[in-house]
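Engineer: my questions are about this predicted structure, shown below with the sequence.
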Number of protein chains: 2
Amino acid sequence: MPRAGLTPALVTEVSAELADEIGFPQLTMGLLAERLGVKTPSLYKHVTSQADLNHRIATLAMTELADAIRDATQGRAGSDALIAGAHAMRLYVKKHPGRYAAGNAVKPTGPDDPLIAAAGRVLASWSAMLHGYRIDPSQEIHALRMVRTILHGFATLEVAGNFRIDADVDVSFTWMINFIDHGLRTLNDHH
Amino acid sequence: MPRAGLTPALVTEVSAELADEIGFPQLTMGLLAERLGVKTPSLYKHVTSQADLNHRIATLAMTELADAIRDATQGRAGSDALIAGAHAMRLYVKKHPGRYAAGNAVKPTGPDDPLIAAAGRVLASWSAMLHGYRIDPSQEIHALRMVRTILHGFATLEVAGNFRIDADVDVSFTWMINFIDHGLRTLNDHH
DNA sequence: CTTTTCGGCTATCAACCTTAGCCAGTTCCG
DNA sequence: CGGAACTGGCTAAGGTTGATAGCCGAAAAG
């Protein structure tokens, strides 16, 4: 019996692809083994459990997402950074819905979980982006949460197919980002 | 063996309570049967499958949510309606996270699925609420999607415990709603 | 070339969803 | 009131999936 040359990283990558194709909840050890050309128990030589696998997918997703946002906002500031970052995130989630679902479903196991660091990098990108708006420090946390809320909410609703009337979702997204941008730019104009 | 007096409605209600307590994904037929004082197969006399049960929970959730929002916005308009409706929705999701999770996880089975009608009632409430802002009809759909996106995003992030720094989530929520309200009220001031 | 390690495999178990079929309590009708 | 029909419990059993134990040949180490 020839060896398949599996590694934890490869198993994780292929499981992430599979999750993107069939949906994160539909991902099973059996299907993953089949795709890797291997029997189910063999996977446990590389991954300790399905929970462990899910955790690896989640960490991969958050890391990739953080990179995508960083790359998109690099060298931009204010409105440009918001627009570029928002579109980068939306694009990533549309391309990798299974990974993103894993990233939201999995909870960190402890305070030094690399998943926390990866998620923190995403937040840090949004935080840096917001600095371009010169927001009152006491309101930064609220603005950060709002940006995160909007992008997360839109991504999950869109991926779940919850925008029934398909009156151009792209237009709605752009409209929404412009709305937020305008609000952020005029934050200081009101008491 | 005495009868337990179960009905589809009762089974649904108890399963919804259980989902709120232990989380929707953790809901199993076995646990539900145990809580009802019955063996697992007995449930199938009232519900055809777990998918059917989930669908009933989802419909219950959307119906209750629509009622809560309607009650909260009744007799209010504009900012008042937005604030009251938003808080009603947030409160409902915090009180019934399992139900709400079911409502988002379950997909309608067909065009005449009652789940669609229930979800439609929620949307209709937001739509009615937005009329108070006198928004340009061409922008209504975008504003509606934004409101939905924000409330859904915030609710899911909060319930999932994803606001780490627990710097007053209540304050952030109010801040965010005020931000949106202000933007909606001044929509027409800018081409 | 021998020895050790490692990564496949088969066999097996436990949990969960589901169906089949039995049987007693309930209801309905003569 | 009494028997027939129905209803809603139950036990038994099967399929699927996650997970473990332990074997055994291939790869790596010396």
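Structural biologist: Sure thing, it's come through. Residues are numbered from 1 along each chain as shown, chains lettered A, B, ... in the order given.
Engineer: going forward, measure contacts between C-alpha atoms and count neighbours the same way
Structural biologist: Fine.
Engineer: near DNA strand C, which residues of chain A are found?
Structural biologist: Contacts of chain A with DNA strand C, taken as C-alpha under 7 Å from any atom of the strand, map to A:1, A:3-7, A:37-43, A:45-46.
Engineer: hmm, 10 Å instead?
Structural biologist: Within chain A, the positions near DNA strand C by C-alpha under 10 Å from any atom of the strand are A:1-8, A:11, A:33-34, A:36-46.
Engineer: could you pick out the buried ones from these?
Structural biologist: For these, a burial check counting by 16 or more other C-alpha atoms under 10 Å in any protein chain shown picks out A:11, A:33, A:36, A:38, A:43.
Engineer: can you add distance to residue B:189, pLDDT and secondary structure and give the residues you listed back as TSV?
Structural biologist: Listed next are those as TSV, based on distance: C-alpha to C-alpha, whole Å; pLDDT from 0 to 100; DSSP: H, G, I helix; E, B strand; the rest coil:
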residue	distance to residue B:189	pLDDT	secondary structure
A:11	54	98	helix
A:33	58	98	helix
A:36	58	98	helix
A:38	63	97	coil
A:43	60	98	helix
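Engineer: now for the residues you listed: which two are most distant?
Structural biologist: Farthest pair in those (C-alpha to C-alpha) is A:11 and A:38. Separation: 11.1 Å.
Engineer: residues of stretch A:96-115 that come out buried?
Structural biologist: For stretch A:96-115, the neighbour count (16+ other C-alpha under 10 Å) marks A:96-104, A:106-107, A:114-115 as buried.
Engineer: report the secondary structure state of residue A:153.
Structural biologist: In three-state terms, and counting by DSSP: H, G, I helix; E, B strand; the rest coil, residue A:153 is helix.
Engineer: next, the contact list for it, please.
Structural biologist: Applying C-alpha atoms under 8 Å, 6 or more residues apart in numbering or on different chains, we find residue A:153 in contact with B:149, B:150, B:151, B:152, B:153, B:154.
Engineer: do the same with residue A:80
Structural biologist: Counting by C-alpha under 8 Å, 6+ apart, residue A:80 makes contact with residue A:73.
Engineer: which of the helices or strands spans it?
Structural biologist: helix A:78-95 (DSSP states H and E).
Engineer: give me the below-cutoff pLDDT ranges for chain A.
Structural biologist: A:1, A:190-191 (pLDDT under 70).
Engineer: 50 instead?
Structural biologist: A:191 (pLDDT under 50).
Engineer: show me which residues of it are close to DNA strand D?
Structural biologist: With C-alpha under 10 Å from any atom of the strand as the criterion, chain A comes near DNA strand D at residues A:1-5, A:25-33, A:39-45, A:47-54.
Engineer: what's the spacing between stretch A:108-121 and its chain's center?
Structural biologist: 14 Å (C-alpha atoms, centre = their mean, to the nearest Å).
Engineer: ok, residues contacting it?
Structural biologist: Identification of contacts with stretch A:108-121 by C-alpha under 8 Å, 6+ apart yields A:55, A:58, A:59, A:62, A:63, A:66.
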